[in-house]
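Asks: After the sequence you'll find the predicted model.
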Amino acid sequence: MRHLIRRHPIPIETHFAHSLVLTYALPAEVLRPLVPPALELDTYRAGAQEPLYGFVAAALVDTRALRPAAVPARFGRDFLLTGYRVFTRFPTPGGRTMRGLRILRSDTDKHLMRLGGNLLTRYNYRQARVSTQVTNDTLEFRVDSADGHADLTVRADLRSAPAPLPPTSPFADERAARRFAGPLPYTFEWEPQTRSVIVIKASRAQWDPQPVRVDVDRLTFFDHGPLAGAHPVLANAFHVAGVDYGWERGVRRSESGGAR
């Protein structure tokens, strides 16, 4: 019965000191096997003769005072969080389609977050050595994962905002790129025991991420598992700072999108 308490039952609030999200484009057929039933891969094609892409977000977040929503901020804890998510869509009755992210892997710098996150969610947290610093308007994150499958070193030039799209980007313009600038309003988790989708809605204030220029020295996530050898390309990189953020309680929906 463990699945009954892994539905994100507690609303969470925090403050994003920094959030840096790198979005990578891969052929849609490579990502479709990672999308569970009920969800659809969110795709993009720049033109009729262009390839059809799906996208994976590599997110790095410096959170402050993270705590249950009913708890005062002074009792919150600071965590560094990293994660890999695939962009998906969830059609619902009546023609509405939610856009959100499906969790592939999460890492954190704290044992407490690994335990609590895996108890109450399906975010697949692992503990890693994670550090971040800002020096001369350069934001750096470094992640050393325990298994070596999610190592990442990236530097973002905050002075470059708004920066042009990376030369490898398949997006036609920044407007198209912003549709795939994580995090999105929803996170989706698949509950195989009941064939349900757990929908977690995010709340955020003054959300205006800026495209930035990044240098990625290490990124091992795409060297292992089902995406090994897939040759992803950097599609965009967006940064936001000083934002209050929260997650509502998870809501269980049927495969067809109806409320349960």
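Replies: On my side now, so go ahead.
Asks: Now do the helices in this structure.
Replies: 28-31, 111-120, 174-178 (DSSP state H).
Asks: Stretch 118-131: end-to-end distance?
Replies: 22 Å (CA to CA, to the nearest Å).
Asks: which parts of that stretch are buried?
Replies: Residues of stretch 118-131 classed as buried by neighbour count (16 or more other CB atoms under 10 Å): 120-123, 125-128, 130. Placement of C-beta: from N, CA and C, glycine included.
Asks: Just give me the closest of these to D109.
Replies: V130 (4.1 Å; CB to CB).
Asks: wait, doesn't the closest one sit right on K110?
Replies: No. Under the criterion of CB atoms under 8 Å, V130 makes no contact with K110, lying 9.0 Å away.
Asks: overlap in contacts of the two?
Replies: Each of L80 lies in contact with both V130 and K110 under the rule CB atoms under 8 Å, 6 or more residues apart in numbering.
Asks: Okay, now stretch 92-102: how far is its last residue from its first?
Replies: Stretch 92-102: ends 16 Å apart by CA to CA.
Asks: quick one: average confidence on that stretch?
Replies: Across stretch 92-102, pLDDT averages out at 90.
Asks: Same check on stretch 136-148?
Replies: 97.
Asks: who touches it?
Replies: 18, 20, 60, 80, 82, 107, 126-134, 150-159, 220, 239.
Asks: show me what contacts L66?
Replies: So L66 contacts 12-14, 76-79, 113 (CB under 8 Å, 6+ apart).
Asks: and if we set it to 6 Å?
Replies: By CB atoms under 6 Å, 6 or more residues apart in numbering, the residues touching L66 are 14, 76-77, 79.
Asks: And T88, how far from H231?
Replies: 21 Å (CB to CB, to the nearest Å).
Asks: More neighbours: which of these two?
Replies: The residue with more neighbours, out of T88 and H231, is T88; 26 against 10, by other CB atoms under 10 Å.
Asks: Correct me if wrong: that one contacts P37.
Replies: No. Assessed by CB atoms under 6 Å, T88 is found out of contact with P37, at 11.6 Å.
Asks: Okay, the nearest residue to A17 once chain neighbours are set aside and R218: tell me how far apart.
Replies: With sequence-adjacent residues excluded and distances taken as CB to CB, 6 or more residues apart in numbering, A17 is closest to D62, at 4.3 Å. Going from D62 to R218 by CB to CB gives 19 Å.
Asks: Mind checking which of the two has more residues around it?
Replies: D62 (21 against 12).
Asks: Spatially, which residue comes closest to G54, not counting chain neighbours?
Replies: L31 (3.8 Å).
Asks: and the gap between that neighbour and A25?
Replies: 10 Å.
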